[in-house]
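Asker: structure, please.
(2 chains, ligands or ions: 1)
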Amino acid sequence: MIEILETLFGLFVCPGFIFSLIVGGLFYWFYRKLRARMQARIGPPWYQFFADVMKLFSKDSIIPSRARGYLFVLAPIFSIIGLLLVVVMLPIGACSLMQSPESLIMAMYFLAFPGLALIIAGVSSGSPYGAIGASREARMMVGYELPYVISALTLAFHLKSLDIMSIVNYQFENGAFLLKYPLASIASVICLLPKICRRPFDAPEADTEIIGGPLTEYSGIPLGLFELVNALKWFIFPAFAVTLFFGGGTNIIEFLLKCLGLVILITIIDVIFPRFRIDQSFKFLLKIALPLAIIDLLRSVIWI
Amino acid sequence: MLDTLRKFARKKSPWIMHLPCGGCNGCDIEVVAALTPKYDAERFGVLQRGTPRHADILMVTGIVTAQVKDRLKRIYDLTPDPKYVFAFGSCAIDGDIFNEGYAFKGPLDQVIPVDIYVPGCPPRPEALIDGLVKLLNKIDLKQSIE
Ligand code: SF4
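Answerer: Below you'll find the model as predicted:
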């Protein structure tokens, strides 16, 4: 009984839903603030994300008659569940809640959920902008999933293990994988940008071209859920990268500081680059990120 | 408690949809200028959204023309409640210089209900921010009456 309660507490409070929501919301605010400061503006106050979400939850939710009702509503929930299952597998502060010998493979699958949910959302909303956004996201996914997975598999080949815990423990003893596999780390960080939907790879949600992309028809509570997904993404994707390549963290503070460093890096890239066209970003991912990842994969396979 | 939170959230996060109808474009440039570094409306939580489904405030500029009248009503219906309409510029209020034109189909408040008027041809971005603050205070009042 106590064990079940502990698991539930872990899943929903710490390090699960509420903890990652608060940290993600603050990271998201930090991104907006830093972007504003870099553009010589003042930027929103720290509670901005929470106010946005609360407002959206208190608004009317309209489900358009052309949308497929259940898929339309389930898409954001689907993506929240995927991200939550990843966060219990991450060792935030040296030990993780759920351990299994295949956790790396599982995490890779669950991290693809937000992209899939975006495609489902766009297609099921019955709006032409949604359909365009979904098709762009699908095309991007082909580009970014491959280098992302290959760069993670490099570590698995090096250690002959698919356990996230063993990757972290190895890094505690021998230093971060960033030094051993710099090319794979770069490929993985490049793939973070399309995963969080930031410039130069934000073509699926390009609000100046296709209104709101897949989220065009969303309003009220479902849109609020997508905002939650956004905040969770800002925490979980950097956290995953920190766990795999930047040495994890022996305690929570160190871990969060490393995540913050990655958030700053993403923000700087986001501010200084314009948006790639969809074919340009596809080519960039396959011509630059993929070879980088493959070179390090070959190194790890051959040199052992 | 819940009510205070809701009121707080609504005041702190007004998302705007900019809806240019049929003016001379002067007002549209002022609306965009309010979001740029000098005036920075994002410090009040303002975000510009492209779709009426995400919006709280419809920022209407320009006269209501024969072409735009039905579409304007439709966009108003697409916006989820609670929604507010912001009539920006003299055109939206009474037609201004286009008052006697053949395409002018009445002031904005005869087509959709308007919550706040900001006159000027065009009003300055400061006027927009001032109007926004007044509108947000009005949200407070409106809810306490309800
Ligand atoms: S109010 Fe003046 S500036 Fe604004 S749209 Fe009308 S004519 Fe142009």
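
Asker: biggest helix in chain A by residues?
Answerer: In chain A, ranked by residue count with DSSP state H as the criterion, the top helix is helix A:128-159.

Asker: what's the neighbour count on residue 24?
Answerer: Picked chain A for this. Per other C-beta atoms under 10 Å in any protein chain shown, the neighbour tally for A:Gly24 reads 27. (Each C-beta comes from the backbone N, C-alpha and C, glycine too.)

Asker: correction: the question concerned chain B.
Answerer: Neighbour tally, B:Cys24, other C-beta under 10 Å: 17.

Asker: three-state assignment of it?
Answerer: Here B:Cys24 is recorded as coil under DSSP: H, G, I helix; E, B strand; the rest coil.

Asker: where's it relative to B:Arg71, distance?
Answerer: Distance of B:Cys24 to B:Arg71, computed by C-beta to C-beta, to the nearest Å: 19 Å.

Asker: now do B:Pro123
Answerer: 24 Å.

Asker: next: A:Ala51.
Answerer: 31 Å.

Asker: of these two, which one has the most company?
Answerer: More neighbours surround A:Ala51 than the other of A:Ala51 and B:Arg71, with 19 against 12 (other C-beta under 10 Å).

Asker: before we move on, back to that, so which bits of the longest helix of chain A are buried?
Answerer: Neighbour-count burial for helix A:128-159, with 16 or more other C-beta atoms under 10 Å in any protein chain shown as criterion, is recorded at A:129-138, A:140-141, A:143-159.

Asker: just stretch B:93-102 next, same as before
Answerer: B:Ile93, B:Asp94, B:Gly95, B:Asp96, B:Phe98.

Asker: just give me the closest of those to B:Lys105.
Answerer: Of all these, B:Gly95 has the smallest distance to B:Lys105: 9.4 Å, by C-beta to C-beta.

Asker: the closest one against B:Asp109, yeah?
Answerer: No: counting by C-beta atoms under 8 Å, B:Asp109 is not a contact partner of B:Gly95; they are 11.8 Å apart.

Asker: all helices of chain B, in order?
Answerer: If DSSP H is used as the criterion, the helices of chain B fall at B:2-12, B:26-33, B:69-78, B:90-94, B:125-145.

Asker: contact partners for residue 132?
Answerer: In the absence of a named chain, chain A is used. A:Ile132 makes contacts with A:Gly122, A:Ile210, A:Gly213, as judged by C-beta atoms under 8 Å, 6 or more residues apart in numbering or on different chains.

Asker: chain B is the one I meant
Answerer: Contact partners of B:Leu132, counting by C-beta under 8 Å, 6+ apart, are B:Pro14, B:Ala41, B:Phe44, B:Val46, B:Ile57, B:Phe86.

Asker: kindly report the same for A:Leu84.
Answerer: By C-beta under 8 Å, 6+ apart, the contact list for A:Leu84 reads A:Leu11, A:Gly16, A:Phe17, A:Ser20, A:Leu232.

Asker: now do 10 Å
Answerer: Residues counted as contacts of A:Leu84 (C-beta atoms under 10 Å, 6 or more residues apart in numbering or on different chains) are A:Leu11, A:Phe12, A:Gly16, A:Phe17, A:Ser20, A:Leu21, A:Phe110, A:Phe113, A:Leu232, A:Ile236.

Asker: got JSON lines for those residues, with neighbour count and distance to chain B too?
Answerer: Shown next, in JSON lines, are the contacts of A:Leu84 (neighbours: other C-beta atoms under 10 Å in any protein chain shown; distance: C-beta to the nearest C-beta, whole Å):
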{"residue": "A:Leu11", "neighbour count": "17", "distance to chain B": "25"}
{"residue": "A:Phe12", "neighbour count": "12", "distance to chain B": "21"}
{"residue": "A:Gly16", "neighbour count": "19", "distance to chain B": "23"}
{"residue": "A:Phe17", "neighbour count": "19", "distance to chain B": "19"}
{"residue": "A:Ser20", "neighbour count": "26", "distance to chain B": "21"}
{"residue": "A:Leu21", "neighbour count": "19", "distance to chain B": "16"}
{"residue": "A:Phe110", "neighbour count": "19", "distance to chain B": "28"}
{"residue": "A:Phe113", "neighbour count": "19", "distance to chain B": "23"}
{"residue": "A:Leu232", "neighbour count": "25", "distance to chain B": "19"}
{"residue": "A:Ile236", "neighbour count": "26", "distance to chain B": "23"}
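
Asker: which of those residues sits closest to B:Arg6?
Answerer: Nearest to B:Arg6 among the contacts of A:Leu84: A:Leu21, at 18.9 Å, using C-beta to C-beta.

Asker: for that closest one, which three-state class applies?
Answerer: Counting by three-state DSSP, the backbone at A:Leu21 sits in helix.

Asker: any idea which element the closest residue to it other than its chain neighbours lies in?
Answerer: Of all residues not flanking A:Leu21 in the chain, A:Ala231 sits nearest, at 6.0 Å (C-beta to C-beta, 6 or more residues apart in numbering or on different chains). According to DSSP states H and E, A:Ala231 maps onto helix A:220-245.

Asker: quick check: next helix or strand after that helix?
Answerer: Scanning forward in sequence from helix A:220-245 by DSSP H and E, the next helix or strand is helix A:252-272.

Asker: tilt between that next one and helix A:220-245?
Answerer: Angle, helix A:252-272 to helix A:220-245, by axes from the mean of the first three to the mean of the last three C-alpha atoms, to 10 degrees: 110 degrees.

Asker: tell me which residues in helix A:252-272 are buried?
Answerer: Under the neighbour-count criterion of 16+ other C-beta under 10 Å, helix A:252-272 has A:Phe255, A:Leu256, A:Lys258, A:Cys259, A:Leu260, A:Leu262, A:Val263, A:Ile266, A:Thr267, A:Ile269, A:Asp270, A:Val271 buried.

Asker: now the last one: how far from A:Ala36?
Answerer: To tie it back to what came earlier, the one meant is A:Val271. 10 Å.

Asker: and if you look at the fifth one?
Answerer: Counting by C-beta to C-beta, the gap from A:Leu260 to A:Ala36 is 17 Å.
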